[in-house]
Each structure stands twice: as structure tokens, then as C-alpha cells.
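>>> Provided below are the primary sequence and the corresponding predicted coordinates.
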Amino acid sequence: MTKTRLSLYDTTLRDGQQTQGVQFSTEEKHAIAQTLDQLGVDYIEGGWPGANPTDSAFFDAAPKTRATMTAFGMTKRAGRSAENDDVLAAVMNANTPAVCLVGKTNTFHVTEALGITPDENLENIRASVAHIVAKGREALFDAEHFFDGYAIDPGYATACLDAAREAGARWLVLCDTNGGTLPARIAEVVDALIAGTAGTKAFPGTQLGIHTHNDTEQAVAGSLAAVDAGACQIQGTLNGLGERCGNANLIALIPTLLLKEPYASRFETGVAEDALEGLTRASRQLDEVLNRVPQKQAAYVGASAFAHKAGLHASAIVKNPATYEHIDPARVGNSRIIPMSNQAGQSNLRRRLTEAGVEVEKDNPALLRILQVVKDREDRGYTYDMAQASFELLARDELGLLSQFFEVERYRVISERRRNARGQVVVESEAVVTVQLQDGSKRTGYYKNEHATDLHDDGPVNALWQALRADLGPLQAAIDGIRLTDFKVRITNGGTEAVTRVIIDFEDETGRTWSTVGVSPNIVDASFEALLDAINWRLQRNGGSA
Ligand SMILES: CC(=O)SCCNC(=O)CCNC(=O)[C@H](O)C(C)(C)COP(=O)(O)OP(=O)(O)OC[C@H]1O[C@@H](n2cnc3c(N)ncnc32)[C@H](O)[C@@H]1OP(=O)(O)O
Ligand SMILES: CC(=O)C(=O)O
């Protein structure tokens, strides 16, 4: 059977940025675009050029992608030509090969929101799309509020689609803008459009796209319903980011289309099998950018998506993973977790330790202890998914393989905000750390950014880091090249109390990277724990020498 090609259109950088609390920097947009390109989507909607400086800067140096880079905008306003509409001009000036314009298709919105006549709106759609096509670009038309408009006046909603089609739009994208249309209704409307029973001419499925919102938690189901009925483009976002409750989640849709029937047999997409293995990484990368905790129960890519906790599940999984898994987690770059206190949990743990260069024989009682410590600590707010170095230290400790290179006797950190003699606000931090080395000698490291030309220093955590690494005597050479590359803070639950969790990423002069975690009600102390783990991990790995 010949497969139908489905087009995947990503709008993470535009509709995703309409999520409350999300504001990508230009650099972040570039990184996300690269990830999307590697994944194999067909279109990347980079934003709305001219609407804000970040989006404009993104298009000023748009990344070279295999996917078609697309600028988003709206149809021209009434009373001016497409050539003279400044908002449309900014969109066109981004010089992207494709342009997607949102336009009204619901008479209620035409009269209420735009305050123009339905005919004027039809002309705005027609002229705007024709303008894009005349400039040699591919035109997409996002039919805003299409399903609601269709319910009120199907003739007018389809006339809007027709105006865009007549003007040369490649894709007519049916938007469930308010997210209230259920999948069965979406299928019914798409069916009618393709069959030509909707009041006007028939629209081929190869020209129809679907853009759903998740206001009833059915954006993915709505997209699949449209595809079932014949639509050939799906618009969505990574992790379902988007206005209000979000958009259709491509991270759930892509593996469904590739791995599940009837989609796998009927359709093909631009996502290759090996790119699918990058899906979990792509999802986590976005969470990293947003400083969000990855949603554990996210379909396919969540840390719990293939976690088998119940005893019956875990024991069967060891015999054959297919017993409790709908797909092999490796296909989407995820992995199986069998948590805690059973034989399978130990196998899992031994694998993690081997990766860290620590070989432990089967049935070593320390394995159970490590599992218990991990469980207790995670209950107190720690997380070891992202802090492999701290996990390794914990495991080494339980196994009696942890070398004690030094002990911290005390630290002290002061941050001060004051006015200097010129009346300017100055913020300064200083820290002192005293350690005892193995030979009993004491060392004290001190740091204050005395030579700062700026009026604000890098804060108490940086001062502590500099003081901790300022004087470790003979151990100094082993830690000199360590650099702190990222610092993430989160308030989380430790038992019944809110605590601060800090995760810090490090890199050394060889490019090796590692991450550590610290937890405390006190943010400075949580940070100190993570800093200390970083130095200890490096010393364990290097045996205390450079
Ligand atoms: C369904 C969606 O998600 S569509 C995407 C929505 N995204 C955004 O709005 C984010 C980016 N938007 C912006 O930065 C701004 O709204 C801009 C720069 C585009 C426009 O800003 P402003 O000129 O200040 O207009 P403002 O945002 O107040 O209002 C939008 C105007 O566009 C008009 N408009 C809205 N949709 C359309 C359309 N499809 N075609 C033509 N005009 C439209 C409105 O009637 C309103 O005009 P009015 O000011 O004469 O009443
Ligand atoms: C265009 C768009 O984002 C919507 O109608 O939801």
C-alpha cells in the first residue's frame, strides 16, 4: 500500500511562546530550531517577525534548516493594500521561504474583533495570500476559529478557505483556536470538507492541515481525528507548549504516527527511525531551556513512561519487557526503570554503576542499601536523574569506595547591598571556607571580588565556589580546570516541608561534564552541597591528582 505523506508543522517558537511564563531568547530559539530540524519536522514556524525584538532577531540570522523556515503573521488590515500593510511587510521582510498568515473565518470574530464586514475580511484573506504568492513564497493560511465559525455559518467559514485557496495557499489549516471542539466533531467537519458536502466545493485532504488546542485535553486526539478523516498536515509543539492549555503535543503525536496502527501502515513523515530515538532528548532539552521539571508522566518520553514499580509488573518485565510495555523505550530514546528493592531494581542499579566505572557483583547487599538511600533522599527533595555525579558519590559511599580527600570544617558567606561614597548601589559578596586535609593540616580559602568594575558581583554562590576552590593545597591541581556552566534552582517538597533543590552543571578542561545536586531549606547551603559534590566527584575520578 502506498503511504500518504503527512506534513509536520512545528509552532513551538510561535504558539509555544504564547504560553504564559514562556519567553525564549533568540539563542534559545536557535537551539530549539536545530533540535526540531534534527527531529525531521517539515516546517519550523520561527515566530512573528516585527512583533517583538526577539522574533525579529531570530529571523535576522535564521538558522539554516532542512525544514522550511516559516514566518507567522496576520492577514492585512482593511482599508489598505497588502503592499502597504506595515505588519505584513515586517513578516515578508524576514525573507522566509514560507509565510503562514492567520485570518478570521468566523463571522462573529469578523464583526466583533475586527469590526469589518465579512466581504472585507474575505478580500483581506485573498489579497494577503496573493501577495505572499506573488513574492514567490509558499503561503499557508491558518483559518482561525474555523470549527466555531463553521458551526455558526459553514458557508462563510468555507468561503474563507476558498479565498485563501484561490489566491494560491498551499495549506489551509483548520484551527480549533479555543480548543473546545471534540475529536468526533473535527472528523465530521474534515470529512465534509473533503467530500464537498460542506456547502462549497470539495477541498483535497492533501491541502488541509489541523491546528488544535488542548483545552479539553484532547488536542492530540483531535489531530489524529483530522488525519483519520484525511487531513495531511498537523501543527503542534514540543511538549504541547502553547496558548492557555497548550497545543497538540508533537512529542506524543510523532511516535504515535510512526509506531502505532493504523498510522504506521498508512502514513509516512519526515521523521526517520534514528531521529525518533532523539525524541526524549528533544523533550528534555526544551524543559532545560524553560527550567522546568520534566513531566514524569509524559507519554513516551517521561521518566515514568517505562517505570515499572508494582511487583507483578517488575518481575514480569525482567522475563520479557513486552509484558508491560507498549513499545520498546529505546525507540523513542527513553529507558526502562525498575525502581527499588527487588532483583530487577538491582540489575538496573548495577548497570548505572558500571556506566560510572564501578563494578559490583550481583547480590552485593550494598545494592539494596543504595536503592533505599536513593529512595529516602528523593523523598527529601533530591533527584538523581540529572545529577549522576552525586548519585555516584552516594553509591561509592555505600560500597565503601569513597575516598575522603578533605573535610569541610566551616564556611561563611556574606552578601551586602549598600551605597558607596558616590551614592551608587553596590552589591558585594565574600566567602571563606576552611577545610581539613587528610594529613590533618587546615586550609582556608577566601574570596571577594575586590577588583570588580561593575557595581554588582556574581553573588554568594559564586563567592562560595571561588573560596572553596581557592586553597585545597596538594589537591589544587586536580580541580583547577573545573568550570561551573549552569545553575538551576527549584523549590520542591522534601517530605512535608518545602525545600530548595539546586542542580549545578560543571565542565573541566577536557570537556568532560557532570552535574550534582544539593537540597536544603537554605539556598546557599543547598548550593554548597552541590559544589562540594562536584569537587569530590572530580577527585574520586582523578584519584586526587591532576
Ligand atoms: C490565534 C493566535 O494565536 S494568532 C497569534 C496571536 N499572537 C500574537 O498576538 C502575538 C504577537 N502579536 C503582537 O505582538 C501584536 O498583537 C501585533 C504587533 C501583531 C499587533 O499589535 P497592535 O498593532 O498594537 O495591535 P493589537 O495587538 O492591540 O490588536 C490587534 C489588531 O489586529 C487586528 N487583527 C487581529 N487579527 C487580525 C487578522 N487576522 N487580520 C487582520 N487584522 C487582525 C485587530 O482587529 C486589532 O486591530 P485594532 O487595533 O484596529 O483593533
Ligand atoms: C493560529 C492559531 O494559533 C490558532 O488559531 O490557534
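Yes, it's here. Ligands and ions are numbered 1, 2, ... in the order given.
>>> Show me what stretch 237-244 is in contact with.
10-12, 15-19, 22, 32, 35-36, 179, 213-215, 219-220, 246-252, 282-283, 286-287, 295, 298 (CB atoms under 8 Å, 6 or more residues apart in numbering). C-beta coordinates here come from the backbone N, C-alpha and C atoms, glycine included.
>>> Select the longest helix from this structure.
As assigned by DSSP state H, the longest helix anywhere in the chain is helix 523-542.
>>> got the contact list for that helix?
387, 389-390, 392-393, 396, 402-403, 405, 408, 411, 413, 460-461, 464-465, 468-469, 472, 475, 478-479, 482, 484, 487, 489, 499-504, 506, 508, 514, 516-520.
>>> Please list which of these also come close to ligand 2.
Subset of the contacts of helix 523-542 in contact with ligand 2: empty, counting by CB under 6 Å from any ligand atom.
>>> Show me how far the longest helix of the chain is from its chain's centre.
Here helix 523-542 is found 27 Å from its chain centre; the criterion is CA atoms, centre = their mean, to the nearest Å.
>>> Check stretch 485-502 too.
With CA atoms, centre = their mean, you get 20 Å for stretch 485-502.
>>> for residue 322, what are its contacts?
Contacts of residue 322 by CB under 8 Å, 6+ apart: none found.
>>> Tell me where the model's unsure across the stretch 301-450 of the chain.
309-311, 314-315, 338-345, 347-348, 450 (pLDDT under 70).
>>> Also the stretch 51-200 of the chain?
Looking at the stretch 51-200 of the chain by pLDDT under 70, you get 199-200.
>>> which among the contacts of helix 523-542 end up buried?
Buried members of these, scored by 16 or more other CB atoms under 10 Å, are 387, 389-390, 392-393, 396, 405, 411, 413, 460-461, 464-465, 468-469, 472, 475, 478-479, 482, 484, 487, 499-504, 506, 508, 514, 516-520.
>>> Return the subset of those residues lying in strands.
Per DSSP state E, strands hold the following members of the buried ones among the contacts of helix 523-542: 411, 413, 484, 487, 499-504, 506, 514, 516-520.
>>> re earlier: ok, and of the contacts of stretch 237-244, which contact ligand 2?
Within the contacts of stretch 237-244, those near ligand 2 by CB under 6 Å from any ligand atom are 15, 213.
>>> So for stretch 180-194, what gets flagged as buried?
So, applying 16+ other CB under 10 Å, buried residues of stretch 180-194: 181, 183, 185-194.
>>> got the angle between the longest helix of the chain and strand 513-520?
Going by axes from the mean of the first three to the mean of the last three CA atoms, to 10 degrees, helix 523-542 is angled at 140 degrees with respect to strand 513-520.
>>> tell me which residues in helix 523-542 are buried?
Result for helix 523-542 [16+ other CB under 10 Å]: buried residues 523-541.
>>> Give me the contacts around stretch 268-282.
By CB under 8 Å, 6+ apart, the list of residues contacting stretch 268-282 from outside reads 3-8, 35-36, 38-42, 67, 238, 251, 254-255, 257-258, 300-301, 330-334.
>>> Would you write a PyMOL line that selects the buried entries of those residues?
In PyMOL, this line selects whichever of the contacts of stretch 268-282 come out buried by 16+ other CB under 10 Å:
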select buried, resi 6+7+8+35+36+38+39+40+41+42+67+238+251+254+255+257+258+300+301+332+333+334
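>>> about what we covered before: check the ones in strands among the buried ones among the contacts of helix 523-542 against ligand 1, which are close?
Answer for these near ligand 1: none qualify (CB under 6 Å from any ligand atom).
>>> gap between residue 352 and residue 385?
Separation of residue 352 from residue 385 (CB to CB, to the nearest Å): 11 Å.
>>> Confirm that residue 212 sits in a strand.
Yes - the assignment for residue 212 by DSSP: H, G, I helix; E, B strand; the rest coil puts it in a strand.
>>> Could you give the bridge partners of it?
Beta-bridge pairing of residue 212 under DSSP bridges involves residue 176.
>>> Around it, count how many other residues there are.
Neighbours of residue 212 under the rule other CB atoms under 10 Å: 31.
>>> tell me the contacts of the spatially closest residue to residue 50 that is not a sequence neighbour?
Among residues not flanking residue 50 along the chain, residue 90 sits closest, at 2.5 Å (CB to CB, 6 or more residues apart in numbering). Counting by CB under 8 Å, 6+ apart, residue 90 makes contact with 49-51, 56, 73.
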